[in-house]
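Undergrad: I'd like to go over a predicted model; first the sequence, then the structure.
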Amino acid sequence: MGNGPGRGSGAARASAALGRWRARLDGLDVDRVLDAAQARGIRAVVPGDADWPSVLDDLADTAPHCLWVSGAGSPAALVDAVPTIAMVGSRASTPYGEDTAASLAAALAVRGATIVSGGAYGIDAAAHRGALASGEGATLAVLAGGLDALYPRGNSRLLEAIRSRHALISEAPPATAPTRWRFLARNRLIAALGSATVVVEAAWRSGALSTARHADDLSRPVAAVPGPVTSAASAGCHRLIRERGAVLVTDAAEILELVRGQEAADGSVFAVQDELDLLDPVDRRVLDALPPRSAITLADLERLCALPGGAVEAAVARLELLGLARHAGERIARAR
């Protein structure tokens with residue numbers, strides 16, 4: 001329709017949106033809303049505040065203007081300084097999916113990761129419970145409605161546990177009912193908050209797939225857990241792997257590989273690549289030939305490796321530089 005003032009132009013849509021929002025501002029007392037929220041233990045956080053998760057800035061034009069936060073934890077501290085795994089899946093989950101989500105979340109939390117999910121039934125709830133049960137790490141629930149009335153009600157006890165130990169956040173102000181479009185909009189926040197997104201169990205048209213799509217749009221790693229080939233509940237995961245290039249994962253270590261190199265607040269590195277993986281075939285063969293608890297001569301090492309002497313001697317030198325081998329007089333041993 002071009003760039004003129006036509007109905008479909010950006011200027012026309014922006015003008016119409018402003019008109020709708022101005023109508024809603026009539027009679028709105030911002031101070032009264034903030035006071036009522038504070039009385040319920042809910043605080044507003046905006047970009048630039050200490051609690052604002054900087055990763056949300058990656059959403060650019062679709063970043064929220066404000067977050068409502070309830071809980072003891074700081075959203076920024078929960079997601080900005082540690083690997084954060086967005087774990088999502090179907091509400092109509094199976095025992096296999098729930099057990100897998102809880103186990104993965106617990107294993108990741110033990111390693112210091114924060115689990116982000118949507119607080120819904122099924123995989124979301126299992127992921128939150130797994131993180132809480134670990135006794136370590138943290139979990140953050142992103143809700144679609146106001147934090148003054150937790151939804152779904154059946155998960156109220158779980159959401160209260162998350163609030164007491166970590167945090168609940170929402171883009172929607174208090175007294176806002178969760179609607180279908182708010183759930184879909186909420187998914188972009190979950191994707192942005194995660195260093196990687198893992199879909200544990202999802203049907204062919206599961207809403208969890210939209211979270212994976214948002215993560216992909218943000219160039220965040222996307223992974224999926226495979227399920228039984230006969231299970232319709234895992235058809236969406238298999239679709240992500242086959243059609244969208246999602247990484248197939250089965251344990252916490254494989255998930256952390258997706259965010260390798262991100263450092264925690266204490267300076268430790270998660271899922272650092274094993275230095276043995278960096279060895280070339282000759283160096284690996286020489287290292288494997290070194291006895292675990294004794295030393296060996298260079299001549300015997302050449303015989304065991306079936307390699308020319310110069311190649312073995314050069315490999316030993318490289319292994320010494322890496323701290324994997326040492327000279328013990330005229331013999332060579334593994335480094336202690």
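TA: Thanks, I have the structure now.
Undergrad: For the most centrally placed residue in the chain, give me its contacts.
TA: Among the residues of the chain, Ile85 comes closest to the average C-alpha position under Cα atoms, centre = their mean, at 1.6 Å. Shown in contact with Ile85 (Cβ atoms under 8 Å, 6 or more residues apart in numbering): 105, 108, 113-116, 194-198, 255, 259. Placement of C-beta: from N, CA and C, glycine included.
Undergrad: pLDDT, distance to Ala185 and secondary structure added to the residues you listed, as CSV?
TA: Below are these laid out as CSV (pLDDT from 0 to 100; distance: Cβ to Cβ, whole Å; DSSP: H, G, I helix; E, B strand; the rest coil):
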residue, pLDDT, distance to Ala185, secondary structure
Ala105, 95, 24, helix
Leu108, 94, 26, helix
Ala113, 93, 25, coil
Thr114, 95, 22, strand
Ile115, 96, 21, strand
Val116, 97, 16, strand
Gly194, 95, 16, coil
Ser195, 93, 21, coil
Ala196, 95, 21, strand
Thr197, 96, 16, strand
Val198, 97, 21, strand
Ile255, 94, 26, helix
Val259, 86, 25, coil
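Undergrad: What ranges does the stretch 1-150 of the chain have for its strands?
TA: Using DSSP state E, counting those that start in this stretch, the strands assigned to the stretch 1-150 of the chain run over residues 42-45, 67-70, 84-89, 114-117, 138-143.
Undergrad: Nearest to Ala14, out of those?
TA: Ranking the strands of the stretch 1-150 of the chain by proximity to Ala14 (Cβ to Cβ) places strand 67-70 first, at 23.1 Å.
Undergrad: hey, C-alpha coordinates of the closest one in PDB?
TA: Output of strand 67-70 as PDB, limited to C-alpha atoms (Å, rounded to 0.1, in the frame of the first residue of the first chain):
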ATOM      1  CA  LEU A  67       8.000  -4.900  33.900                       C
ATOM      2  CA  TRP A  68       6.000  -5.700  37.000                       C
ATOM      3  CA  VAL A  69       8.100  -7.700  39.500                       C
ATOM      4  CA  SER A  70       7.100  -9.600  42.600                       C
END
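Undergrad: so what strands line up beside it?
TA: strand 42-45 (antiparallel), strand 167-170 (antiparallel) (DSSP bridges).
Undergrad: Need the winner for burial among those strands.
TA: strand 167-170 (a mean of 26; mean count of other Cβ atoms under 10 Å).
Undergrad: Show me what counts as buried in the helix or strand just after it.
TA: Using DSSP states H and E, the helix or strand that follows strand 167-170 towards the C-terminus is helix 180-193. For helix 180-193, the neighbour count (16 or more other Cβ atoms under 10 Å) marks Arg182, Phe183, Ala185, Arg186, Asn187, Arg188, Leu189, Ile190, Ala191, Ala192, Leu193 as buried.
Undergrad: I'd like to know which of those is nearest to Trp204.
TA: Using Cβ to Cβ, the buried residues of helix 180-193 come closest to Trp204 at Asn187, 17.1 Å.
Undergrad: The residue lying closest to the closest one once chain neighbours are set aside: neighbouring residues, count only.
TA: Closest residue to Asn187 apart from its sequence neighbours, by Cβ to Cβ, 6 or more residues apart in numbering: Thr211 at 4.2 Å. Thr211: 31 surrounding residues under other Cβ atoms under 10 Å.
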